[in-house]
Structures are given as C-alpha cells and as structure tokens.
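Q: pasting the sequence and the predicted coordinates here, then a few questions.
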Amino acid sequence: MFVDHTRIYAKAGNGGNGVVSFRREKYVPRGGPDGGDGAQGGDVILRVDGHTDNLRAFHYNPRMVAKDGGHGQSWKRHGKNGKPVVGKVPPGTLVYRSPARTVTEAVEMERSGAGVDLELVADLTSEGDELVICKAGEGGKGNWQFRSSTNRTPEEFTLGTEGTEGVFYLELRRIADAGMVGFPNAGKSTLTTKLSAARPKIASYPFTTLNPMVGVVEFDDFKRCTIADIPGIIEGAHKNRGLGHEFLRHITRCGLLLFVVDMAGSECRDPISDIETLRKEIKLYDPELSKLDWLVVANKMDLDEAEENLTQFRQRFPKVEIISVSAKLEEGLGALRGLLCERVGKRNQ
C-alpha cells in the first residue's frame, strides 16, 4: 500500500517533577536537603531516511507519543530522561501543523466543511534532515537546588513542564530530476523500465501504475539522474478527478517534464488533443508548473499511423522539442538518454 499523505498526532514527554527530600542517617540527623531534579521528557522527531519511500508506517500507527521524564529522587538523584520517538520519513516530505490540538478536534473541523488553515512547518528533502515537531517538557527542580545560607531546610520544589502536542499533516512529494506525464497506457512505465532499473507494473489496461515510481538513470561519464513515472492523468485531474491530486503533487519538484504521448493513437486518442489537455491540466493545477522546462516524448513510433500523426503533430507544434522513441523496441532511447544527461544529469557524489 502506497501512502503519500496522512495525519498524525504527536505528544512530547512531560518533564519529571523535582522532589523534596532530606538526608537522614543514623549519625547525621540533620543532613540537609537532598531532593533531586526531575528529568526532561522525550522529543518527537521526524528524520529523513533514504530507504523509506512512503508514509505507510504513519498511516497504520498515526500516534507518536514520547516517554515522560522520571521524577527526582533522594540522595540528589536525577530522574531518567524520557526516550524520544523518531519517525522515519522519505525525502520530499512536507510537514504541516494543524490548528487543532487533538485528532478529534481536527476531524470535527474537517467535517464542519470549514477550511483547515494548515501551517507549513518544514520541507524535509535531504538524507538525515531532522525536525522536532513536539518539544519535550523540562524537569522540575528538587529542594537541593533551593538551599541557601539562610534556608538550610528548604521545602520548595518545582513541577516538570508539559511536553507540547499537536496534530500534523504529512505530505510526500516525490523528488526527481525529470517527471514523465501522460495519459494511461501512453507507455511511461515501459519507458521507465528501459531507461532505469525501476520495475513498475506493466500491462495493457489503464491505471496499471497506481503510485509514482522513481528510477535512476546512469550515464557513462559518472552522471546520473532520477526520473519519476507519474501515474496516468485524465481530463479533469486538476479538480481531483480520477486520482487527480494524488498524482499531480509529485511533479511539483521536477526540473524537467517529459510529456509522453502515444503518437500512434493506439487507444483511439488524438496525440494533438492529448498534449493540449495535458498542458491544460498541469497549468490549472499549478500555474508555476507550466513554466517548467518540458518536451514531448513521442512513443510507440513502431506502430502504424505513428509517422503520419507525428508529421501533423510537428505542424501543429513547430516550436516544441520532440523526441521520437519506441520504448517497446528500445528505439530512440539513446537520444533521450543523451538529452536527460545534458539537461538534468548530475555528478555522482
């Protein structure tokens, strides 16, 4: 199960209380105060892990509650610090804070139909990035801390403070150098398989790919790039038709968009109409996406009518860069790989 957005509740540990205690031994009847301090609770932390590819773990366990700090003890003993809770998230995770303090309150706000004003807290993109979403409470002071020359038997102490809590929304936006966009059955998954080591499911029916797949393309000069196979878009995707926003969110980070078009029209589609619709959906979803560098990958050039359709396509879009390929027969992939290397290839670190 692929999960790319979810809601979680987080609660940091409370600080332990300080304690009032006096040293009393057989030959030390008035040994003075020896109450220890309370300990700090545990933080709630999100950490980027490159081996994690979605938010499924949070979907099944949406509560992150850290341990409280231990209370102080006699003999000036400090309480035991609360253990933090660390949740692993994939690169490209956006963290939003909800105004609700509890999940119940968040659900009621959603059911009321009122828009929930979410605050963007962080954009976690790099391996090892950490974010403390809930800060632990501090431990209280024991009476040992309140001793003075004028107060030899203090009975003052302080309580530990409460750890913060809240409801957060996590949204994954896949990070890739290039994103492949197209209608179902345009051949994006096959193209991903031929260009990289990714192995998405491939079949001759729509919506075979139900989640974004990221593949790594290696080049001869120690460069590489990542390509994302974005599941097939349908008309009206910007209004969340089909799986709409579930797919479109993942192309917002791409530096290059590859519009994969079935140039043979094998699904009874018109290539010209396809590219016009795809460009429209991208712009309506996010106008900034329409400003990204893009080109057309004319796929299925091994089928009948592909050449004729390509001629008409070039006449309709004379300024659009077009790469002709047959992913099935692996024709034209060298030119596509060369273009990817030139546009978005990065040196291996």
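A: Here it is on my side, so go on.
Q: okay, the longest helix anywhere in the chain in PDB with CA atoms only?
A: Using DSSP state H to define each element, the chain has its longest helix at helix 271-285. Below are the C-alpha coordinates for helix 271-285, written out as PDB (Å, rounded to 0.1, in the frame of the first residue of the first chain):
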ATOM      1  CA  PRO A 271      -1.900  12.900 -29.900                       C
ATOM      2  CA  ILE A 272      -2.600  16.700 -30.600                       C
ATOM      3  CA  SER A 273      -5.600  16.700 -28.300                       C
ATOM      4  CA  ASP A 274      -3.600  14.700 -25.700                       C
ATOM      5  CA  ILE A 275      -0.800  17.200 -25.300                       C
ATOM      6  CA  GLU A 276      -3.200  20.100 -25.300                       C
ATOM      7  CA  THR A 277      -5.200  18.500 -22.500                       C
ATOM      8  CA  LEU A 278      -2.100  17.500 -20.500                       C
ATOM      9  CA  ARG A 279      -0.700  21.000 -20.700                       C
ATOM     10  CA  LYS A 280      -4.000  22.500 -19.600                       C
ATOM     11  CA  GLU A 281      -4.300  20.100 -16.600                       C
ATOM     12  CA  ILE A 282      -0.800  21.000 -15.500                       C
ATOM     13  CA  LYS A 283      -1.400  24.700 -15.700                       C
ATOM     14  CA  LEU A 284      -4.800  24.500 -13.900                       C
ATOM     15  CA  TYR A 285      -3.300  22.500 -11.100                       C
END
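Q: all further residue positions should be reported with the first residue as 32.
A: Let's use 32 as the start, then, which means that last one is helix 302-316.
Q: and the helix or strand just after it, how far from the chain's centre?
A: Using DSSP states H and E, the helix or strand that follows helix 302-316 in sequence is strand 324-330. On the basis of C-alpha atoms, centre = their mean, to the nearest Å, strand 324-330 sits 27 Å off its chain's mean C-alpha point.
Q: any idea of the mean pLDDT for strand 324-330?
A: Averaged over strand 324-330, pLDDT sits at 95.
Q: so what touches the next helix or strand after it?
A: On the C-terminal side of strand 324-330, the nearest following helix or strand under DSSP H and E is helix 337-347. Contact with helix 337-347 is made by 292, 294-296, 302-303, 306, 327, 329, 331-332, 353, 355, as judged by C-beta atoms under 8 Å, 6 or more residues apart in numbering. Using the backbone N, CA and C atoms, a C-beta is placed for each residue, glycine as well.
Q: make JSON lines out of the residues you listed and add neighbour count.
A: Listed next are these as JSON lines, based on neighbours: other C-beta atoms under 10 Å:
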{"residue": "Val292", "neighbour count": "28"}
{"residue": "Met294", "neighbour count": "29"}
{"residue": "Ala295", "neighbour count": "23"}
{"residue": "Gly296", "neighbour count": "20"}
{"residue": "Pro302", "neighbour count": "25"}
{"residue": "Ile303", "neighbour count": "16"}
{"residue": "Ile306", "neighbour count": "21"}
{"residue": "Val327", "neighbour count": "25"}
{"residue": "Ala329", "neighbour count": "26"}
{"residue": "Lys331", "neighbour count": "28"}
{"residue": "Met332", "neighbour count": "19"}
{"residue": "Ile353", "neighbour count": "16"}
{"residue": "Ser355", "neighbour count": "18"}
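Q: identify, from those residues, the entry nearest to Asp317.
A: Ile306 (17.9 Å; C-beta to C-beta).
Q: and the closest one, what does it touch?
A: Taking C-beta under 8 Å, 6+ apart, we find Ile306 in contact with Phe290, Val292, Val327, Phe344, Phe348, Val351.
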